[in-house]
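Engineer: pasting the structure only:
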């Protein structure tokens, strides 16, 4: 019943308005603790030195870049299969947030790659597939802005989102399928994490904080999109009821 209630935009606006202050509080607290541990408590790496601390921004951003597109894929199914009233709103609102986190992942990865690999950029499978993800985000944002009718834009975008989701497993397994400069999985792997606990725990706390930041920004974007659509609906009604509109 709760999910059905949230399908109503008015109820969603009410609930999200109550949750947002708590989300911001949790985001600030968890991310603050994580960044403090990362910058002032976590030791330098024995090989990478202080440059390893780029990891505390880069890794959560990379995870959330994929997480955001995954949310959009679920929302696309909601648009095409379940006809959920807020599915397209969620997908459209998530796209700019996902694009921003993807850009952060690309920039911090480049900053980390220069001292480690001796180059700012390498066209290997992981880096290239993440760049493709960023371009997909931008393309979908442009599509939503190019088509005036939100319903039509939502259906077209949903199809493209699902087609583009094939890139997610490519990003995930690219380091296993091809010989790349990018290291393989080091946090979540069958044999356990290869990262020392002094670096791993601050990384996980930063990831949790970044996830709350992602969700908070997405909730705000959803609220803004609902308001934009309400304003558009009022404008259409005003135009339709204007004198001479039916002439």
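Structural biologist: Arrived safely, thanks for sending. What you see is a predicted model; the values in this text were computed from it and never measured. Numbering: from 1, shown residues only.
Engineer: what is the longest helix anywhere in the chain packed up against?
Structural biologist: Longest helix of the chain, by residue count under DSSP state H: helix 197-241. Helices and strands touching helix 197-241, by 3 or more C-beta pairs under 8 Å, 6 or more residues apart in numbering; DSSP states H and E, are helix 9-36, helix 55-77, helix 87-117. The way it works is simple: take the backbone N, C-alpha and C, and place the C-beta from them, glycine included.
Engineer: and residue 200, which of these is closest to it?
Structural biologist: Nearest to residue 200 among the helices and strands packed on helix 197-241 is helix 55-77 (10.2 Å), distances taken as C-beta to C-beta.
Engineer: quick one: average confidence on that closest one?
Structural biologist: Averaged over helix 55-77, pLDDT sits at 96.
Engineer: got the buried residues for that helix?
Structural biologist: Using 16 or more other C-beta atoms under 10 Å as the burial criterion, the residues of helix 55-77 that qualify are 55-69, 71-73, 75-77.
Engineer: burial measure for residue 201, as a count.
Structural biologist: Residue 201 sits with 16 neighbouring residues when counted by other C-beta atoms under 10 Å.
Engineer: what's the spacing between it and residue 38?
Structural biologist: Using C-beta to C-beta, to the nearest Å, residue 201 is found at 10 Å from residue 38.
Engineer: leaving out sequence neighbours, find the closest residue to residue 51.
Structural biologist: The shortest distance from residue 51 to any residue that is not its chain neighbour, by C-beta to C-beta, 6 or more residues apart in numbering, is 5.1 Å, and that residue is residue 115.
Engineer: actually residue 92, sorry about that
Structural biologist: Going by C-beta to C-beta, 6+ apart, residue 92 has residue 144 as its nearest residue, at 5.3 Å.
Engineer: let me see the confidence value for the one you found.
Structural biologist: We note a pLDDT of 95 for residue 144 in this prediction.
Engineer: OK, contacts around it?
Structural biologist: Residue 144 sits next to 92, 95, 153, 154, 157 when contact means C-beta atoms under 8 Å, 6 or more residues apart in numbering.
Engineer: next up, identify which helix or strand it is on.
Structural biologist: helix 125-146 (DSSP states H and E).
Engineer: buried set for that helix?
Structural biologist: Neighbour-count burial for helix 125-146, with 16+ other C-beta under 10 Å as criterion, is recorded at 125-130, 133-134, 136-137, 140-141, 143-144.
Engineer: got the contact list for the residue lying closest to residue 214 once chain neighbours are set aside?
Structural biologist: Closest residue in space to residue 214, ignoring its immediate chain neighbours: residue 64 at 4.9 Å, by C-beta to C-beta, 6+ apart. Listed by C-beta under 8 Å, 6+ apart, the contact set of residue 64 reads 98, 101, 210, 211, 214.
Engineer: shaky segments in the protein?
Structural biologist: By pLDDT under 70, the low-scoring segments of the chain are 1-7, 181-194, 244-247.
Engineer: mind doing that once more with 90?
Structural biologist: Residues of the chain meeting the criterion pLDDT under 90: 1-10, 44-52, 82-85, 112-126, 148-151, 172-200, 230, 232-247.
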